[in-house]
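*Asks:* Turn this into a model:
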Amino acid sequence: MLNPFYHQCEKNKITFTREQGSNFAKLIADDYNPLHDADAKKFCVPGDLLFSLVLQKYGISQKMHFTFSGMVNENVALDFPEAADEFDITDGDKVYLSVKRSGETSDCPALTQSLTKNYVEFSGTTFPHVIIPIMGEQDVMINPSRPMVIYESMSIDLQRLDIESPELEFADPVFELNGKRGKIILRFNILEQGVVVGTGVKNMLVSGIREYCQETVDDLINFYNQRKTDLKPE
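*Replies:* Numbering: from 1, shown residues only. Have a look, this model is predicted:
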């Protein structure tokens, strides 16, 4: 599933081209954030691609926490270390992703592929479908000219691992406003055949917040939808 979206250049070293990061965002995550465009001035690899690679390489633990601390571009070679309860993914100097795991671990390919696919699809739908409405409840919106929404962290807590096809559903999202900055907390449930078997949360930071304007929001959503139509890979 992930092989087309990265290069294994050494035993534990992984690199990404701009096209690989952009294609993952659009083909797998349905994510049209301009930061993931192949020609973006400040291009960065989607955080969900790093998350997916961790699941593929280390399996799925009952409790997992991911902290994103750096933007990966096409010039970064990431070192994926040996499996441990806690480890950092770095370029040999800078930390880009910190991982904490506990509980039992499953290497079941069906579970890994299903959870990866469903989480990434869930994650990709947050903008504009969730982010804009939840900010609008407090009469604010993102900066339409520079929509800076940064992936801060996410965690998953599974009650059991004897599952194969988990699905995700939104739970109560929260937006915490602090001046021109804010934090979006997206909670979700993990279900197996309609039964809740776990929970999770995705945290994002927003900057450049401004007063809500419905006309501007409508223009932003139309612009985003048009981007999806124009840039959708064949």
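*Asks:* could you pull out the strands for the chain?
*Replies:* 7-8, 13-15, 60-68, 78-79, 86-90, 95-106, 140-141, 149-158, 167-170, 174-178, 181-192, 195-206, 210-211 (DSSP state E).
*Asks:* Report the mean confidence score over the last one.
*Replies:* Averaged across strand 210-211, the pLDDT comes to 94.
*Asks:* Not counting it itself, show me its contacts.
*Replies:* 139-143, 180 (C-beta atoms under 8 Å, 6 or more residues apart in numbering). (Glycine included, C-beta is placed from N, CA and C.)
*Asks:* So which bits of the helix ranked longest in the chain are buried?
*Replies:* The residue-count maximum for a helix in the chain (DSSP state H) belongs to helix 214-231. Buried residues in helix 214-231, counted by 16 or more other C-beta atoms under 10 Å: 217, 220, 224.
*Asks:* and it, what does it pack onto?
*Replies:* helix 126-129, helix 131-136, strand 140-141 (3 or more C-beta pairs under 8 Å, 6 or more residues apart in numbering; DSSP states H and E).
*Asks:* Go ahead and flag the most central residue of the chain.
*Replies:* Nearest to the mean C-alpha position of the chain, counting by C-alpha atoms, centre = their mean, stands Asp48 at 3.5 Å.
*Asks:* what's the neighbour count on Asp85?
*Replies:* 10 (other C-beta atoms under 10 Å).
*Asks:* surely Tyr119 meets Leu49?
*Replies:* No - with contact defined as C-beta atoms under 8 Å, Tyr119 does not reach Leu49; the gap is 11.8 Å.
*Asks:* The strands of the chain into a markdown table, with extra columns for mean neighbour count and distance to Asp37?
*Replies:* What follows is the strands of the chain, written out as a markdown table (neighbours: other C-beta atoms under 10 Å; distance: least, C-beta to C-beta, whole Å):
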| stretch | mean neighbour count | distance to Asp37 |
| --- | --- | --- |
| strand 7-8 | 12 | 20 |
| strand 13-15 | 17 | 19 |
| strand 60-68 | 20 | 19 |
| strand 78-79 | 18 | 21 |
| strand 86-90 | 17 | 24 |
| strand 95-106 | 17 | 20 |
| strand 140-141 | 19 | 22 |
| strand 149-158 | 19 | 15 |
| strand 167-170 | 15 | 26 |
| strand 174-178 | 14 | 26 |
| strand 181-192 | 18 | 22 |
| strand 195-206 | 18 | 19 |
| strand 210-211 | 10 | 23 |
